[in-house]
Every structure is written in structure tokens, then in C-alpha cells.
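S.K.: This is a predicted model, with the sequence first.
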Amino acid sequence: MPSNAPAANQRASEPAASEAWVIGVDIGGTKVAAGLVNRRTGAISNPVRVPMSARVDAAAGLAAVTSAIDALFAQSSDARSASQAIGICAPGPLDPAAGVVLNPPNLPCWRDFPLAAELERKYHVPVKLDNDANAAALAETLWGAGRGHRTVFYVTIGTGIGTGIVFDGQIYHGRTGSAAEGGHITIDYDGLPCACGKRGCIETLAAGPAIARLARARLTDQPDSQSMILALAAGNLDVITSELVGQAYAAGDPIAQQVLQSVVCFLSVWLGNIIDLLEPDVIIMGGGVSTMLKPLFPEITKRLPTCCVNQRCQEIPLLAACFGADVGIAGGAALCVPALHTQ
Ligand SMILES: [Zn+2]
């Protein structure tokens, strides 16, 4: 979690019924997290977490979600009456306009499942649904690092790369809700296959598994390097992770520095393309790998003029996300908040 998290990421005190709260729900392949979110500040109260039943059937998946929401209500006597809406972020693909989960690989319990309608029927409040990165982009725009900006490009880097675009306080969805898949922009058309079916997507070059792969390749090429990465992995190349590379980098390990320089190069090329296409007011980077790369953000900005034609590209702030592990709860809640905070 970023160390510079502002008020938006601090836990709030018990909500008063008179305050306007919304419920944010974060559905993943293994867990459902939910919390009350102050619609003015983004502060999260009473977060709960329950296991997700992603592989049984549609009813079991829905029951996991409702158990998280019901646990939230059970924690606070005011929660039910004070909560005016429920916002859900879930893995895509999904149809945000219809509130339907389509066919996410890590939620096999749901195929064309009308999640928003099912929850509206149970709780009698409006329910919004969007994918993780879109929802996180909106939360950062309303309450986090993107506050006050009209056009925001958000990226989360972890095991994959997700992106979201916010224009004038609204998520940009495209024609069918499938826009902003920036993690699958191809950087190397002849590169490694990506899980999406394309080749050489930025996700195959700069997400966590790619960083581990790059480290393994360098260590194989330089067997006498005595790299700290190998020491941290107890000599086993197979257990190297991006986290271990990050630890070694922080300690000044030369191989880790080489690996992360490569990642910086790939990200600079990618963000140069993004800037030439969108020219956002701000670029916000979230997720565990982004936290690890934060000391290298100035290096990315320094490289940008060689990666895009925009002559003022270096004026665009490259900022660490404010929300950490709770971003899914905040993102879900943000879906329920109109664009009040951008002018
Ligand atoms: Zn891809």
C-alpha cells in the first residue's frame, strides 16, 4: 500500500445515519470485500471480507456477495438505512450498462449473469457494476490522486495490467463497454503470447510475472552474478517473483536494476503511445508493481520525449495511486457517486 495514502484511504469512524454513504463491493476470484464508503470523502468504514464461491454455481456466487453485504449491515445498525446505493466492481468482461457479468475466466459461476438486477431485487436500492480498473480509475478521480482533473488515465499493475479512462468525471466505456483495455496494447507484435490471445501486449512485458521472467532470463545469462535475487529465492529460479526483484532492487542489486530498467523502457514506450492518443491531465499508477516502481517514475517521465510526439508530455504528472488494497471497495462505491468533484 502506498505510504502517501491521504485521507481518502483512512478508515472512517462509525457512520452516522444522517451522512450519505454508499456500499462498495469488490468481487474477486477468491474473495468478496465490502465496505461503507463516504460519498463525499471516499473514506471507507467497516470493511468486511468473505470467501467467494466462484466455481460452484450462479446462486452460490450470489450468496457469497450477499453474505458480504449482510455482514456489513450486521456490523452497523445505521448502515442499512444510511446506504443509498450499492456499487460493485468485478473482473471483466461485463456489461456495465446492463449490470450483467458476461464470462470472466476467474468467475466461472457466472455466465451472462444479471448481478445488478439480482441485488436490486434483494436490497431495493440502485446497483451499479463495472470492471476493476474502470472503477478504480473513478475512485482515484473522485477522492484520490486524480482529484480536480478532468481527464485521467489510470493503470494498475499487478499480475496483469488493467487500465481505466475518466473523461469529465465519467468512465469512458466505448460502444459496448469494452474500451480502455490498455494492458493489451501490443508493444512487440512478434513478442510472447498474452493470455488475451494477442502477442507482446504491455502486460507480457511489465506486469509481475514478466518482471520475474526477465529476472530469470538475466540470471540464466549471468550465472556468476551473485545476485541478491538468487539469494532471496534460495537459489531456485522457479520461485523468483516480482516482489523478490523489488526487494533486491531496493538493496541496490545490479541485476534487479537491469530488469527494472527494461520495465521502465517498456512502460515509457507504452505511456508515450497513451499520451499521444489521450493527452490526459494526469497518469495514476496503482497496484503492487507500481508501488515497487515508484522510485523509477521520474525515469519514465525523463524518457517520454523519445516515446511520443507530444512536446509537453513531461508536464503530465505521473502519480502513485492513493488507494491501496481497499481500492476495489472505493471503486465500487465511486460508481454510485455522480461527477460532483470535477468542474
Ligand atoms: Zn494481451
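M.R.: Alright, I've got the coordinates.
S.K.: Select the longest helix from the protein.
M.R.: helix 254-278 (DSSP state H).
S.K.: Spell out which residues of the protein are next to the ion.
M.R.: His184, Cys194, Cys196, Lys198, Cys201 (CB under 5 Å from the ion). For glycine as for every other residue, the C-beta is placed from the backbone atoms N, C-alpha and C.
S.K.: quick one: which of these is most hemmed in?
M.R.: When neighbours are taken as other CB atoms under 10 Å, the top entry among those is Cys201 (28 neighbours).
S.K.: picking that back up, buried stuff in the longest helix of the chain?
M.R.: Neighbour counts over helix 254-278 (16 or more other CB atoms under 10 Å) mark 255-256, 258-260, 262-275, 278 as buried.
S.K.: would you turn the residues of the chain next to the ion into JSON lines with pLDDT and secondary structure?
M.R.: Output for the residues of the chain next to the ion, formatted as JSON lines (pLDDT from 0 to 100; DSSP: H, G, I helix; E, B strand; the rest coil):
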{"residue": "His184", "pLDDT": "97", "secondary structure": "helix"}
{"residue": "Cys194", "pLDDT": "96", "secondary structure": "coil"}
{"residue": "Cys196", "pLDDT": "92", "secondary structure": "coil"}
{"residue": "Lys198", "pLDDT": "97", "secondary structure": "coil"}
{"residue": "Cys201", "pLDDT": "98", "secondary structure": "strand"}
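S.K.: coming back round to it: ok, and what's touching the longest helix of the chain?
M.R.: 151, 153, 165, 182, 185, 187, 202, 205-206, 210-211, 214-215, 218-219, 222, 225, 227-229, 245-246, 248-249, 280, 283, 293, 296, 299-300, 303-304, 306-310, 313, 316, 318 (CB atoms under 8 Å, 6 or more residues apart in numbering).
S.K.: Show me the residues you listed that map onto helices.
M.R.: 205-206, 210-211, 214-215, 218-219, 228-229, 245-246, 248-249, 293, 299-300, 303.
S.K.: Which of those are buried? Put it as a PyMOL command.
M.R.: Burial among the ones in helices among the contacts of helix 254-278 is assessed by 16+ other CB under 10 Å; the matching PyMOL selection reads:
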select buried, resi 205+206+210+211+214+215+218+219+228+229+245+246+248+249+293+300+303
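S.K.: average pLDDT across stretch 209-228?
M.R.: Mean pLDDT, stretch 209-228: 95.
S.K.: What would that stretch look like as PDB? C-alpha coordinates only.
M.R.: Extracted as PDB, the C-alpha positions of stretch 209-228 are listed here (Å, rounded to 0.1, in the frame of the first residue of the first chain):
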ATOM      1  CA  PRO A 209       5.100 -12.300 -14.000                       C
ATOM      2  CA  ALA A 210       7.000 -10.600 -16.800                       C
ATOM      3  CA  ILE A 211       9.400  -9.000 -14.200                       C
ATOM      4  CA  ALA A 212      10.000 -12.400 -12.700                       C
ATOM      5  CA  ARG A 213      10.600 -13.900 -16.200                       C
ATOM      6  CA  LEU A 214      13.000 -11.100 -17.100                       C
ATOM      7  CA  ALA A 215      15.000 -11.700 -13.900                       C
ATOM      8  CA  ARG A 216      15.200 -15.400 -14.500                       C
ATOM      9  CA  ALA A 217      16.500 -14.800 -18.000                       C
ATOM     10  CA  ARG A 218      19.200 -12.400 -16.800                       C
ATOM     11  CA  LEU A 219      20.300 -14.700 -14.100                       C
ATOM     12  CA  THR A 220      20.500 -17.600 -16.600                       C
ATOM     13  CA  ASP A 221      22.600 -15.400 -18.900                       C
ATOM     14  CA  GLN A 222      24.800 -14.300 -16.000                       C
ATOM     15  CA  PRO A 223      25.200 -17.300 -13.700                       C
ATOM     16  CA  ASP A 224      28.200 -15.800 -11.900                       C
ATOM     17  CA  SER A 225      26.400 -12.600 -11.000                       C
ATOM     18  CA  GLN A 226      25.900 -13.500  -7.300                       C
ATOM     19  CA  SER A 227      22.700 -11.500  -7.500                       C
ATOM     20  CA  MET A 228      20.700 -10.900  -4.300                       C
END
